[in-house]
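S.K.: fold the following and give me the result.
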Amino acid sequence: MEKEIAEIRRAIRDIPNFPKPGIIFKDITPLLGNGPLFQRTIDLLASRYKNQKIDVVLGIESRGFIIGAALAYKLGAGFCIVRKPGKLPYETHSASYQLEYGSDTLEVHRDALPPHARVLIADDLIATGGTAAAAIALVDKLGGTVVECAFVIELSFLKGREKLNPCSVFSLLQYDSE
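M.R.: Numbers count the residues shown, from 1 in each chain. Take a look at the predicted model:
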């Protein structure tokens, strides 16, 4: 598995000063564009959950849609999307979270989960944990249970997993510094 993780890490491109000066953006598009490597990435994530009876995978806008939908397919689970405000056509629940400068909000359809659903939250990356914390709050509002939050990348130096306690967090790759 270490060899596969190293190959995945090499496929992730650093983009300095994006979206603003001082940020190093972890670009997963080269990983997504490599079919066999993308497949191995999803297989590695899915292997962790294959015996956990996941009912629904929840993908966080927007790269979480890609990771989450592929995971849901692999696990034979339903797929639910969480979006920015005003993007969903039906009645929604919302949850706000803090950003470095201000706040933002996520929404989910009120009927997105079956009763008592076991939910896996999926996204490409966890940084400060704000969006994942909002997604957890939305699952709670819908009466689901978060089994775990799964990420391809974790920027561990930003301590985002601490914001998600007591939810369990799993990431394939960890970066301990910028």
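S.K.: what sits up against the longest helix anywhere in the chain?
M.R.: As assigned by DSSP state H, the longest helix anywhere in the chain is helix 35-49. Outside helix 35-49, the residues within contact range by Cβ atoms under 8 Å, 6 or more residues apart in numbering are 1, 4-5, 7-8, 11, 31-32, 67, 70-71, 74-75, 120, 122, 147-148, 150, 152, 170, 172. The way it works is simple: take the backbone N, C-alpha and C, and place the C-beta from them, glycine included.
S.K.: so which of those belong to helices?
M.R.: Mapping the contacts of helix 35-49 onto helices (DSSP H) picks out Glu4, Ile5, Glu7, Ile8, Ala11, Leu31, Leu32, Ile67, Ala70, Leu71, Lys74, Leu75.
S.K.: can you say which of these are buried?
M.R.: Among those, those classed as buried by 16 or more other Cβ atoms under 10 Å are Ile8, Ala11, Leu31, Leu32, Ile67, Ala70, Leu71, Lys74, Leu75.
S.K.: from Pro16, how far out is the third one?
M.R.: Distance check for Leu31 against Pro16: by Cβ to Cβ, to the nearest Å, it reads 18 Å.
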